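**Student:** Sequence plus the predicted model coming up.
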Amino acid sequence: MASQPPSRATNTAERRTSASIRQKTSRPTSAALSPIEQESRGANGPKRKTTTTTESKRDVTSQETFVRRTARVPIKPAESNANGRRSREVERTQKVDAAPIKKGTAEAAPSSWSPQASLVPPTSAPLACRISVPPQACHAPESIRAKSLNTLSLQEQEEAIISDLLFVFMGFEGQYIRYDGNYQPLDEKSRLSGPQFRMEYGLDPSLRDLASSMLKTATHYCAVEAFVEVQSREDFGTVNHALCAAMRKLLKDYLILIAQLEHQTLTNENFTLHQLNLHMKPTAHLMHQLYTVAHEILKENSMLDSAEDDLDQSDDFENILESLREGRDTAIPGKKVCKGGSVLRLLTRRLQAMSGDPAARQLLTTLLKEASRPYMTMLNEWLHHGNVRDPHNEFLIKEQKSIRREGLEQDYTDEYWEKRYTIRAELVPPQLDSVKDKVLLAGKYLNVVRECGGIDNIKDRNLDARADVPHTFDDPRFAENVSNAYAFANRSLMTLLLTTHALPARLRSLKHYFFLDRSDFFSYFLELTHSELKKPAKNVNVSKLQSLLDIVLRQPGSVAAEDPFKEDVKVVMSDAGLTGWLMRVVNVQGMDADASTFSAYTPAPAASATGDSEKEISGYEALTLDYAVPFPLSLVVSRVTLTRYQLLFRYLLSLRHLETLLTSSWTEHTKNAVWTKRSTPRGKDVAAKDKRVEEWKRRAWCLRSRMLCFVQQLLYFCTCEVIEPNWGAFMGRLNQGEEVESDVRPGSQRDGGKVPLRASTTTTAAAEAKTSGGAPVKRTVDELMQDHVDFLATCLKECMLTNSKLLRINSKVMATCTMFANYTSSLSRYLAAADPSSSTSSSTNSTSYDPAKLDKLFSILQQYEDHFSRHLKILLDALNYLAATETVVFLGLCARLSMANEGGPGGGPGPGTYG
């Protein structure tokens, strides 16, 4: 610290003594040296005979001990200069001393007051002060304390206060300005709040008011200095470290100013307290801004009383588990730490609030610029390389390293794509609020491409050395950098998916197998496996089914024989029926449960669904297909997406199987003599009974026709009016992405395919986003994934598989049809027993007519008709209600199914119409 240069001394001892005094006056921290060290310094000085006097080593040591000033109790020594000039501070100190210094005497301070400096243990902050805290001045003995202010003149008071303020500005106590009694220098919280200073009584009121206005600056300096030491610890992150480094530079400039003011005090006799105040005004304002920023960060850190700990943080449990997996120390649950993006958000908010103050705006802009450098380093690494370099968890992107792509085959929750990389909303700075989704997707896309070995054009791994990459938030290329990185990452991943891994061909392969659009191979497969699939599901031989499927898929005449992905299709058996599985998924959602028309058909809770799933199911009901999808296509066709394919496949398979059963019933009705042969009249007394038999047959034929019509119309609706149009729209949107790739890569061939049935009519905001200075990003990978999910979700919804009421009603109708088709052979035996004349067997012809069995046949048939008609009417009412409230697609289904409602007892023309 600067001080007045000493004049030429007359001897070596005086030069040594004057240098010692000057060093202690300008650097009070060195006053904490022990007397032993000072003695050793004095002992090493050369001994020369001077013109005035010759002092022994003991005399010099005693005098230096007497005039020694501690860091907390600055007592100015009295020493004459060679040219006869005395500083005002030395004169004042001589007046305060009770006895003058005499040569050859050694008056030392009392032995009870000997402050010692020691080294404190190091912390994770590399530049933190390691010197122990000196004792407070209130503990000093009375013998070394200064005179009371009441005994000093006004000029002497001003000189004393100026001298004290120079020490107080650096955080030390003076002779008349000391710490408040509540301040605890050993308490970190008290040091972070800053000490309050008090002045002794007896000072002139004008001087007191002027000095009191400057004491706030000292408080702010002490608090900011403590803040820099605390926030420089390792666990507070690199952004806090950069902010503290910028503050440390400003504090250095502040100390330089104090040194300059001390030089003015020592050299300018006309320097007054008012001039000191004027010199400190601008710095005091900036110090106040630093203190405010530090105080707000400490409040966010819950290190002051004004903030409460948030004990309900959603990611505490995940953070603790992640820390345990990585072997790091776990933080205290619920303890908030303001770091990374939170610090930048706080600085930005403060900068906006102080935008009308030029000095504060310039200061806060500098702090924000310096603090954003490490954050920008992490951002550039994520945007351009797809890596998360965040050892202190302060970046806006959170990486769950425990979620790996090896678990995609069993990942039913899309954890890898949805939870592997997520956004920490509390760590997003305002500068990234509008583009945070782009930032997330850009890094995710690049990460996938890098794992597949698709990035080979990274020229420079050291992004900090590149001039074309912004390194601070105030760089005008900041937004352009994010947009360009996002466009490049999206283009790279789209090329990888659509071209390298042939995603459209994969999707068409899925459509062939799961939606049965070319099901010649599957019909043959069902014929071969009929004997196996009619068994209970737990008794089915899955290996046999897989072998038969491989044989069918390799038939030369089959459509699947040309499929390059047929090796990925596998046969699996489900443990639960389709209805029970879907009921657990939808969990009573869909149509309003308060609707009075359908309130009686509200599904039971999970217990009922579980009960249905526990029923023994056949192989047909449990049969499903699985499909092996390699990475990165497994991001688009994930396990949860493949489950949607399986649900649609099982539903279509159940309709196909029911259609086959009803067609077999039709074959039974047209070929069995019991049904085709008309009863021969044997007299007028039996003519009425024969008419009843024919009436029963016509009613059975009519019911079978209605059921077959219902199944065929429902199957046609699901395939031709739901799946195909939605598939065409989805492929149309997918082809838009291929067109973008063909524009980027001239000469590349698009993957062939059918012309989409209808084009996409919706565009998202991300699809319309334009890169700065580049071409518009027409399609993104996330839009492609969302379109795929929306396609499957729409198919499930319009096929009545997501509404619990429609699901249960439809399952009852289909169960009635299945029971009727399975009991066709039993009905034939009952009919032969009731009407022996219709049988060709001679033994049966000898049997007499049994009217009781005929009545039983009418009763059984009536039950089937009642169940089918009642549940079909309820289904139609529910579809009409949903067509008016949710989707109009159900209107077409209502029109088709109304044909099946004709010909019944309560739905149109009677059975005689079809006779």
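**Tutor:** Structure's in. What do you need?

**Student:** So, low pLDDT: which residues of the stretch 751-900 of the chain?
**Tutor:** 751-778, 825-851, 854 (pLDDT under 70).

**Student:** now the strands: where do they sit in it?
**Tutor:** Using DSSP state E, counting those that start in this stretch, no strands are found in the stretch 751-900 of the chain.

**Student:** so where is the stretch 401-550 of the chain shaky, pLDDT-wise?
**Tutor:** Within the stretch 401-550 of the chain, the stretches with pLDDT under 70 are 406-415, 454-465, 467.

**Student:** now the strands: where do they sit in it?
**Tutor:** In the stretch 401-550 of the chain, the segments counted as strands under DSSP E, counting those that start in this stretch are 421-423.

**Student:** measure Val888 to Ser492 for me?
**Tutor:** Counting by Cβ to Cβ, to the nearest Å, the gap from Val888 to Ser492 is 41 Å. Glycine gets a C-beta too; all of them are placed from N, C-alpha and C.

**Student:** between these two, which one's more packed in?
**Tutor:** Ser492 (20 against 9; other Cβ atoms under 10 Å).

**Student:** buried stuff in stretch 426-446?
**Tutor:** Across stretch 426-446, burial judged by 16 or more other Cβ atoms under 10 Å covers 426-429, 431-432, 435-436, 438-446.

**Student:** so Thr624 sits in a strand?
**Tutor:** Yes: the assignment for Thr624 by DSSP: H, G, I helix; E, B strand; the rest coil puts it in a strand.

**Student:** contact partners of stretch 420-427?
**Tutor:** Outside stretch 420-427, the residues that touch it by Cβ atoms under 8 Å, 6 or more residues apart in numbering are 339-342, 388, 394-400, 403, 436-437, 440, 443-444, 447.

**Student:** what about burial for these, which qualify?
**Tutor:** 339-342, 388, 394-400, 403, 436, 440, 443-444, 447.

**Student:** from those, which ones fall inside helices?
**Tutor:** When DSSP state H is applied, the buried ones among the contacts of stretch 420-427 are split such that Gly341, Ser342, Lys436, Leu440, Gly443, Lys444, Asn447 fall in helices.

**Student:** and which of those residues is nearest Thr365?
**Tutor:** Gly341 (17.9 Å; Cβ to Cβ).

**Student:** gap between that closest one and Val439?
**Tutor:** 11 Å.

**Student:** For these two, list the residues in contact with both.
**Tutor:** With Cβ under 8 Å, 6+ apart as the test, Gly341 and Val439 both reach Leu396, Leu432.

**Student:** Angles on the backbone of Gly340, please.
**Tutor:** phi 60, psi -130 (degrees, to the nearest 10).

**Student:** wait, isn't it in contact with Ile397?
**Tutor:** No: between Gly340 and Ile397 there is no contact under Cβ atoms under 8 Å: 10.7 Å.

**Student:** which residues does Ser212 contact?
**Tutor:** Under the criterion of Cβ under 8 Å, 6+ apart, the neighbours of Ser212 are Met199.

**Student:** give me the element it is part of.
**Tutor:** Under the criterion of DSSP states H and E, Ser212 resides in helix 205-231.

**Student:** the helices in the stretch 651-800 of the chain, which residues?
**Tutor:** 673-676, 684-716, 724-744, 781-798 (DSSP state H, counting those that start in this stretch).
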